[in-house]
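Chemist: give me a model of this one.
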Amino acid sequence: GDEDCRDGPGCFLLAASNQFFGVTSVLWAAVLAANISRQVLRNVPTSLADDMFFRKAMHACVWGTSLLALPLLAGIGALGSAGNWCWIREEFAWARFVFFYAPLTAVLITHAVTYTRVRRYLVRMHEEAYHGEQQQNRVLRAISQRFGRYALVFALVFVPQAINR
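Modeler: Sure, this is the predicted structure:
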C-alpha cells in the first residue's frame with residue numbers, strides 16, 4: 001500500500017531532485033562567496049573574457065558537481081524513502097554526510113570567513129579614504145548590512161534543514 005508508493009519510482013525521482021537541487025543551491029552560495037572574494041578582496045581588474053571564463057567555470061562546477069553524485073547514489077541504492085520524505089535513505093548516513101552535510105558545513109564556514117574578511121577590508125578602505133566621515137560610514141554600514149543579511153538568510157535557510165535532516 002502506502003509503503004510501496006513511498007519507495008517507488010516517484011520517490012526515487014523526488015529523492016534525486018531533492019539531492020540535486022539541495023546541493024546545487026548550497027554550491028551557488030559558495031560561488032557567490034568566491035565571487036565576492038574575487039571581486040572585492042583581490043581587487044584585480046578582470047577582462048570580459050576573464051569574467052566569461054569564470055561564469056562558465058561556475059556553471060560547470062555547480063551543475064556538474066551536483067550531477068556527478070546522482071549516478072553514484074542511485075547505483076548504490078541510496079536514493080528513496082528517507083522516513084517521511086524522499087532523499088538519501090537513512091541507512092546511508094555516510095552518503096548524507098559526504099554528499100550534503102560536508103559541503104553545507106564547508107559553505108557555511110566559507111561564508112562566515114568571507115563576510116569577516118570583506119567587512120575588515122571595507123572598514124580599512126573606509127578609514128583610509130574618508131577618515132571617519134559620517135556619510136561614508138552610512139554607505140559602509142549599508143553594504144555590510146546587505147552582505148550580512150545575505151549570509152544570515154543562507155544560514156536561516158540551511159541550518160534548520162541540516163538539523164532536521
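Chemist: so which strand or helix has the residue positioned nearest the centre of the chain?
Modeler: In the chain, the centroid-proximal residue (C-alpha atoms, centre = their mean) is residue 26; its distance is 2.5 Å. Element membership for residue 26, per DSSP states H and E: helix 9-36.
Chemist: what comes up buried for that helix?
Modeler: Using 16 or more other C-beta atoms under 10 Å as the test for burial, helix 9-36 gives 11-12, 14-16, 18-20, 22-23, 25-33, 36. Where you see a C-beta, it was placed from the backbone N, CA and C, and this is true even at glycine.
Chemist: other SSEs contacting that helix?
Modeler: Counting contacts by 3 or more C-beta pairs under 8 Å, 6 or more residues apart in numbering; DSSP states H and E, helix 9-36 is packed against helix 48-75, strand 79-81, strand 86-88, helix 102-130, helix 134-164.
Chemist: how far away from the center of its chain is that helix?
Modeler: Offset of helix 9-36 from its chain centre (C-alpha atoms, centre = their mean, to the nearest Å): 8 Å.
Chemist: relative to helix 48-75, how tilted is it?
Modeler: For helix 9-36 against helix 48-75, the angle by axes from the mean of the first three to the mean of the last three C-alpha atoms, to 10 degrees is 150 degrees.
Chemist: helix 102-130 and helix 9-36, what's the angle between them?
Modeler: Going by the same axes, to 10 degrees, helix 9-36 makes 20 degrees with helix 102-130.
Chemist: quick revisit: which of the helices and strands packed on helix 9-36 sits closest to residue 7?
Modeler: Closest to residue 7 of the helices and strands packed on helix 9-36 is strand 79-81 (C-beta to C-beta; 4.3 Å).
Chemist: any idea of the mean pLDDT for the closest one?
Modeler: The average pLDDT within strand 79-81 is 94.
Chemist: from the contact counts, what lies against it?
Modeler: helix 9-36, strand 86-88.
Chemist: could you tell me how far that strand lies from the centre of the chain?
Modeler: On C-alpha atoms, centre = their mean, the centre of strand 79-81 falls 23 Å from that of its chain.
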